[in-house]
Every structure is written in structure tokens, then in C-alpha cells.
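> Give me a model of this one.
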Amino acid sequence: MQSVPKKILHILDGTPAVYGHYSRGQSLVELALVTPLLIVLLMGLAEIGWFANNYLILLETTRVGARYGAVQTNDQVPAKWPPEASLLPALQPDSDAAANAQLYRECPPPGSNYNRFFNAVICPMILSAMTPLPFRDPAQPAGGNGVDDIVVSAFALQTVDPQDPNIPTAMRSTFNWEYPTGSQSTQQQILVVGRYPTNANECTYEPASVTDRDTRDPFNYINYTVAGNTLNGWQNYIVPGGLTDVDANRLYYEMPGYDTGAERQRGFAFTGQHIITSTRALPAAQQCYGSEWTIKRVQDLMNVSNFSLTNQLQRSKIPSQGLILVEMFWQHTLLLRNPVFNPVFNILNDPNNPTGNGTIISVWAAFPLPSVEPRIKYGLGS
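Now for the predicted structure:
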């Protein structure tokens, strides 16, 4: 009688005996065919795990930044941000302004004069939250990669009832409503009435054919320019009947921050490596940098159109509020760099990736931001 180990060896080495013969080597051939597939599967699982791990780290990093920004007070609020620090150094025509803007794109120690709202949000993300992943900043000795960037925006969101009798009829018809027609046009709506930084909140170079574009300055949500109802041609106000037209009696309907200059940046961009998708095909001098979020996209999100708030009674509960939006763009590369995966991985590449050899992970997080909550009144008692 054959021993058990010998029987196992015969089974692994060939098929069971047929008329006393064995087919030696069959299992070895099968193993040779199957093993590469098993290795590819294992490596694929490792790559998927690597991608998921990086994605979750970056997602949590944006949440850390948004939470940190939500609690900033005093001089570390968006309204106190120095305008000269907003624009990217590459967009600054003056060398001194560019040097100053670069100082705000470094991570100073707490308490520094250069530690204000936007870099105070971004620096904890880079220095601790995304560890051990690298953030490839062109200002660092190792240089950038043309992709990694963090963009922070602060929004003032006003809830408005289109039927509010306190809004003058002539002015009401010139609001840039999110829902200008249909059943929703008579219900409470959220409008973006401000976006910070004030001088880096829109892209005015995008042609009209581009659908992913802002159609107005964030602070100019009322196209009402009647003489006597605007201050310096941009801030709308009303003086209630019987009162003298002095600042103490005015009901301001627009927040200060509107400008008419050409802009090529949305939000505070830390490195300037992220070009807004809708402008990538434009000449370099017309491309815009920063946030992928337009005014309309923010309003769509905050108007909770995917929820069943179907009448004015329900929608009247939507509050005015501030919002901090943190976006992050990061180039992901393969962990094992197996040549089998390269063709598949390249299919997933962003075709506009400057390096051409990595998938861009894009994540964002939004939190309430009390420091920019609008306080617009549409009547003396409101």
C-alpha cells in the first residue's frame, strides 16, 4: 500500500492512474499558466488598496482644513485677508506684489503676520493631515509636479423669498435667481452674495461658449443701478420712506467686494498648479486657476434640490449661512509600477495632466463658516 505522502505527490504531479499510468507534469503546466494571473490579481488588489488609502487620506485632509477654517476668528477671517496676497505670484504684474503673495504661500509659525485665514487653513493640511503622502509644491527644493494644489473659497449665502414684500418690486425683478422660472421661482432660494478672496473669485476670460463659467461677480447678485439706490455704482441699498438718506438709515442689499477688473483665479490657490478644466484648451494667457466650483454649482448644492422640500413652508427653513469650501488636487502614481498595469493606468489618466503619468485625485469638503454669514435685511423689521 502506498503511503499517504506518495499519493498526495502523485495527485499533484499528474492525473489519477488510468490503467496503471500517470500523466506527469500536467499540474506543473497548469501552475505555470495560472501563477502569473494570480500574481497580477494580487498586485491589482495592492494597487486598488493603495489608491483607496490615498483617496481617504486626502479626503480627510480636506475635512481637516475645512474644520480648521470654520473656527477662525478675529484677524483670521476671510474679510481680514490682505487682497495683495490673494493672487498667484505668476499673475502679479508687480514684482513686489508677487514676492508678498509668495510669503502667504509658505507655512509660517503660528502668530506670524503672514499666518492669516487661507494659509492658516492650508498649512495644517500639508504639515500634518496628509502625512505620509508628499505635497509637491514648486516652491520647495524638490519642485512641483504640475498637479498638486489646494484651493480654498469662502462663500456668503443669503436665503431670499422671491415673494418678500420688503424687496422693492423693481429691484426684485433684477435678482440673479437660481430658479428664475417654474414652480421653484416662487419659493425660498439660496443665492451666493459673496465669495472670498474678493479679488480672486471669478474667471472673466472664459468665453460665452463655456458652460462651466460664472456669469456674474459673486457680490453683484442684483442688477439694479437706479440713481440714488447704489453706492459708487455697485452696492445696492434702499432708504425706507420717510427717512433721510444717510448711512445709518440705509438697508444694504449687497455686501462690499464687487470689482470690475479682469480675473483669472477662483479661490485662494496655494500653488497655482491646477488650471480650471473649462479653460485648459484656451491660450495660456487666458487660462484660469483655482476652484472648479462656480456660483451656480454652489447654489445648486445649497438649494438642496435633491431633497423633497416642495413648498415654501418647508423651504423657508433654509438659513442664510457662510460656507468654507476646500478642494485638493493630487497626482496619484502606481505603487508597484508593474508594466502590466501601465496601459490600464494610462487609460485612467487625466488627458490634461501635465506629466502624463498619473491619475489626478480630486476631493473636496465643505463646512459652515459663521464669520462670513451675510446679515442682509430686506425690511426694517427683518
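
> What average pLDDT does stretch 30-44 get?
Mean per-residue pLDDT for stretch 30-44: 82.

> Buried residues, it. List them.
M43 (16 or more other CB atoms under 10 Å). (Each C-beta comes from the backbone N, C-alpha and C, glycine too.)

> Check stretch 196-216 too.
Y196, P197, T198, N199, A200, N201, E202, C203, Y205, E206, R213, D214.

> The first one and P83 touch, don't they?
Yep, that's Y196 we're talking about. No: counting by CB atoms under 8 Å, Y196 does not reach P83; the two are 10.0 Å apart.

> Which helix or strand contains A46?
helix 26-70 (DSSP states H and E).

> pLDDT score assigned to N342?
pLDDT, read off for N342, is 64.

> In strands only, show me the buried residues of stretch 196-216.
Among those, DSSP state E puts Y196, N201, E202, C203 in strands.

> Give the bridge partners for the second one, please.
With beta bridges defined as DSSP bridges, N201 has these partners: R266.

> and the closest residue in space to M302 that isn't next to it in sequence, which of the three is it?
Excluding the flanking residues, the one nearest M302 by CB to CB, 6 or more residues apart in numbering is I190, at 4.3 Å. Following DSSP: H, G, I helix; E, B strand; the rest coil, the label given to I190 is strand.

> Just the C-alphas of stretch 272-287, formatted as CSV.
Output of stretch 272-287 as CSV, limited to C-alpha atoms (Å, rounded to 0.1, in the frame of the first residue of the first chain):
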residue,chain,number,x,y,z
GLY,A,272,-1.3,77.6,-8.9
GLN,A,273,-0.6,74.2,-10.5
HIS,A,274,-4.3,73.4,-11.1
ILE,A,275,-5.8,75.0,-14.2
ILE,A,276,-9.6,75.2,-14.3
THR,A,277,-10.8,72.4,-16.6
SER,A,278,-13.0,74.6,-18.8
THR,A,279,-10.1,76.9,-19.6
ARG,A,280,-7.4,74.3,-20.4
ALA,A,281,-8.0,74.5,-24.1
LEU,A,282,-7.6,78.3,-24.1
PRO,A,283,-4.3,80.1,-24.8
ALA,A,284,-2.0,80.2,-21.8
ALA,A,285,-2.7,83.9,-21.3
GLN,A,286,-6.4,83.2,-20.9
GLN,A,287,-6.3,80.1,-18.7
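
> picking that back up, so for the helix or strand following the helix holding A46, mean pLDDT?
Going down the chain from helix 26-70, the next helix or strand is helix 95-103, by DSSP H and E. Helix 95-103 shows a mean pLDDT of 91.

> With only the CA atoms kept, save the next helix or strand after helix 95-103 in CSV.
Proceeding N to C from helix 95-103, the next assigned helix or strand is helix 117-124, under DSSP H and E. Once non-C-alpha atoms are left out, helix 117-124 reads as follows in CSV (Å, rounded to 0.1, in the frame of the first residue of the first chain):
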residue,chain,number,x,y,z
PHE,A,117,-7.2,82.7,7.1
PHE,A,118,-6.3,80.9,3.9
ASN,A,119,-2.8,79.8,4.6
ALA,A,120,-3.8,79.1,8.2
VAL,A,121,-6.3,76.6,6.7
ILE,A,122,-3.9,75.1,4.2
CYS,A,123,-0.7,74.7,6.3
PRO,A,124,-2.1,72.2,8.8
